[in-house]
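Q: Here's a sequence, model it:
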Amino acid sequence: MTRITVLPHAELCPAGAVIEAEADESLCEALLRHGIEIEHACEMSCACTTCHVIVREGFATLPPADELEEDMLDRAWGLTPHSRLACQTPIGPHPLTIEIPKYSINQTHAGSK
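A: The predicted model follows:
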């Protein structure tokens, strides 16, 4: 099990959280399993940026993002050098501290009628 510290997010996790993640799941799966309802509009297929997170600690221990993830991240709100898509971030043996950005770009909600 790997410890994931989630920094406070006003809507999804107001007090922050510390969760345990399985080695065979993505960061998005771990968050959802622990009741942190991060958006994942594309159902974790790397076709949107709604599960964008910022890895505040442990970024260097993660495998690099592939080209598709990098291309999608270019569209994320609040992109930083330590941004990842939670659906594409595999859990490794090292603890992580993540921040869920205040906003996400969700085309199913933005401007839809």
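
Q: Residue 45 and residue 59: what is the separation?
A: 23 Å (CB to CB, to the nearest Å). Where you see a C-beta, it was placed from the backbone N, CA and C, and this is true even at glycine.

Q: Between those two, which is the more surrounded one?
A: Shown here are residue 45 and residue 59; by other CB atoms under 10 Å, residue 59 has more neighbours (17 against 10).

Q: tell me the contacts of the residue lying closest to the more buried one once chain neighbours are set aside?
A: Of all residues not flanking residue 59 in the chain, residue 82 sits nearest, at 4.5 Å (CB to CB, 6 or more residues apart in numbering). Residues in contact with residue 82 (CB atoms under 8 Å, 6 or more residues apart in numbering) are 54-56, 59.

Q: again, only this time at 6 Å
A: 54-55, 59 (CB atoms under 6 Å, 6 or more residues apart in numbering).
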